[in-house]
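Trainee: Turn this into a structure:
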Amino acid sequence: MTSPRGGRKALLIYTGRRDGLGNRVRALLSAQALAEAEDRELLYVWSTDAHFGPHMDDLWHFDAGRSVPWQVSRAMSPLFPLRDPRGTVIDERLRASRLWQIRSRGLPVTWSDPAWQEGAGGPRHWTEALRDLRPVDAIAERVGAIFDEHLRSRPYVGVQVRTHAVSHARTIETSPVEWFAQRMRQIRAEHPDVPFFLSCDTVGAQARLMQEFSGCVALEDKGGYNTTAGVRSALTDLYLLASAQHLVGAAHSSFVEMAVFLCDGVVPFERPDQPLEGPVDLSLALVDDPLRPAER
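Mentor: Numbering: from 1, shown residues only. All right, here's what the predicted structure looks like:
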């Protein structure tokens, strides 16, 4: 049976098998931050099946933790029960436990310790760990090739559209394709030559926007939804969205929020439930390395 190495205490984060990329990543990286702060080995359950195809190391180079089968967590749960990611206050009794097991429920881990509020240590924010990650070579090379050929050395607007049937119901209801088309017309009225980078999760939405708007850049042959190829394409989209000078995203989407976190919030951002106040400003500094969009 898998166990913490060398008798070291451990933290195991259990991500949901039906969780999408955003929910898995924020759970894993927030657990990583807590494990680092508490000097615990990080273990993680990251199920792959028809609901979600790629392993973590199919997407990013990740050596901060060790993947274990879900059966390991189940076997240890009688002695080390799965805890909620929220609401737990770490005390001396809990800190003495050899293993913390946390079921993510699609949420980041937000355990607390009163001492942290007094400036004594505490975990870093998981978004810092996100910006530290380096995509695997296949993704990095695709990001670089598209950026160099179509987007380098000029400002552009990233547009993230979600219309797939499995998208959040509120996203589909509040973020129809026509809303994005209208917003893109308004931006083109202000900036007639600005390119758009499109991140669409359906072929139909992408074709609809590319037919109306010239100067759009988008990935082709993106792979099936939540397959390894599909999620790798989504990550390519993510880095190119985060490297833009302005972002237009879908409501209630954790994916576009990841793009905002990836650029450390420097890119102006709007979506139907968070409208932009004032004109679109494309004066933000250009990105040199699209794998490090926060560095400008």
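Trainee: Which parts of the stretch 1-150 of the chain are helices?
Mentor: Under the criterion DSSP state H, counting those that start in this stretch, helices of the stretch 1-150 of the chain are mapped to 21-38, 70-76, 92-95, 126-132, 137-146.
Trainee: Determine which stretch of those helices is the most buried.
Mentor: helix 21-38 (a mean of 23; mean count of other C-beta atoms under 10 Å). From N, CA and C alone the C-beta is placed, and that goes for glycine too.
Trainee: what packs against that helix?
Mentor: strand 10-14, strand 41-45, helix 126-132, helix 228-242, helix 254-262 (3 or more C-beta pairs under 8 Å, 6 or more residues apart in numbering; DSSP states H and E).
Trainee: Least confident of the ones you listed, on average?
Mentor: Of all the helices and strands packed on helix 21-38, the minimum mean pLDDT falls on helix 254-262 (a mean of 93).
Trainee: where's that helix relative to the chain centroid, distance-wise?
Mentor: Centroid separation for helix 254-262 versus its chain: 6 Å, with C-alpha atoms, centre = their mean, to the nearest Å.
Trainee: Tell me the buried residues in stretch 223-239?
Mentor: 225-226, 228, 230-239 (16 or more other C-beta atoms under 10 Å).
Trainee: Ends of stretch 80-87, what's the gap?
Mentor: One end of stretch 80-87 to the other measures 17 Å (C-alpha to C-alpha, to the nearest Å).
Trainee: V194 contacts R188, doesn't it?
Mentor: Yes: assessed by C-beta atoms under 8 Å, V194 is found in contact with R188 at 6.9 Å.
Trainee: Beyond the lowest-mean-pLDDT helix or strand in the chain, next helix or strand please.
Mentor: Within the chain, judged by mean pLDDT, DSSP states H and E, the helix or strand with the poorest mean is helix 169-174; its value is a mean of 59. Counting by DSSP states H and E, the next helix or strand C-terminal to helix 169-174 is helix 177-190.
Trainee: Output the contacting helices and strands for that next one.
Mentor: Partner elements for helix 177-190 (3+ C-beta pairs under 8 Å, 6+ apart): strand 157-161, helix 203-212, strand 246-248.
Trainee: ranking those by burial, who's on top?
Mentor: Across the helices and strands packed on helix 177-190, the average number of neighbours (mean count of other C-beta under 10 Å) peaks for strand 157-161, which reaches a mean of 26.
Trainee: now for that strand, which elements pack on it?
Mentor: Partner elements for strand 157-161 (3+ C-beta pairs under 8 Å, 6+ apart): helix 177-190, strand 196-200, helix 203-212, helix 228-242, strand 246-248, helix 254-262.
Trainee: Mind putting the ones you listed into a markdown table with distance to D84?
Mentor: Listed next are the helices and strands packed on strand 157-161 as a markdown table, based on distance: least, C-beta to C-beta, whole Å:
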| stretch | distance to D84 |
| --- | --- |
| helix 177-190 | 36 |
| strand 196-200 | 32 |
| helix 203-212 | 36 |
| helix 228-242 | 27 |
| strand 246-248 | 32 |
| helix 254-262 | 19 |
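Trainee: show me where pLDDT drops low in the stretch 1-150 of the chain?
Mentor: Counting by pLDDT under 70, the stretch 1-150 of the chain contains low-confidence ranges at 1-6, 118-120.
Trainee: now do 90
Mentor: 1-8, 18, 20, 106, 114-121 (pLDDT under 90).
Trainee: is it true that L209 touches Q182?
Mentor: No: judged on C-beta under 8 Å, L209 makes no contact with Q182 at a distance of 11.3 Å.
Trainee: and S77, what does it touch?
Mentor: Listed by C-beta atoms under 8 Å, 6 or more residues apart in numbering, the contact partners of S77 are Q101.
Trainee: Which one of the helices and strands packed on helix 177-190 lies nearest to P123?
Mentor: strand 246-248 (27.2 Å; C-beta to C-beta).
Trainee: in stretch 36-48, what's buried?
Mentor: Neighbour-count burial for stretch 36-48, counted by 16+ other C-beta under 10 Å, picks out 37-38, 40-47.
Trainee: Restricting to C-alpha, output it in PDB.
Mentor: The C-alpha trace of stretch 36-48 is given here as PDB (Å, rounded to 0.1, in the frame of the first residue of the first chain):
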ATOM      1  CA  GLU A  36       4.200  23.100   1.800                       C
ATOM      2  CA  ALA A  37       3.300  25.300   4.700                       C
ATOM      3  CA  GLU A  38       2.800  22.300   7.000                       C
ATOM      4  CA  ASP A  39       5.900  20.300   5.700                       C
ATOM      5  CA  ARG A  40       3.700  17.400   4.600                       C
ATOM      6  CA  GLU A  41       4.100  15.100   1.600                       C
ATOM      7  CA  LEU A  42       1.400  15.800  -1.000                       C
ATOM      8  CA  LEU A  43      -0.600  12.800  -2.300                       C
ATOM      9  CA  TYR A  44      -3.500  13.200  -4.700                       C
ATOM     10  CA  VAL A  45      -6.300  11.200  -6.300                       C
ATOM     11  CA  TRP A  46      -6.900  12.400  -9.800                       C
ATOM     12  CA  SER A  47      -9.300  10.000 -11.500                       C
ATOM     13  CA  THR A  48      -9.300   9.500 -15.300                       C
END
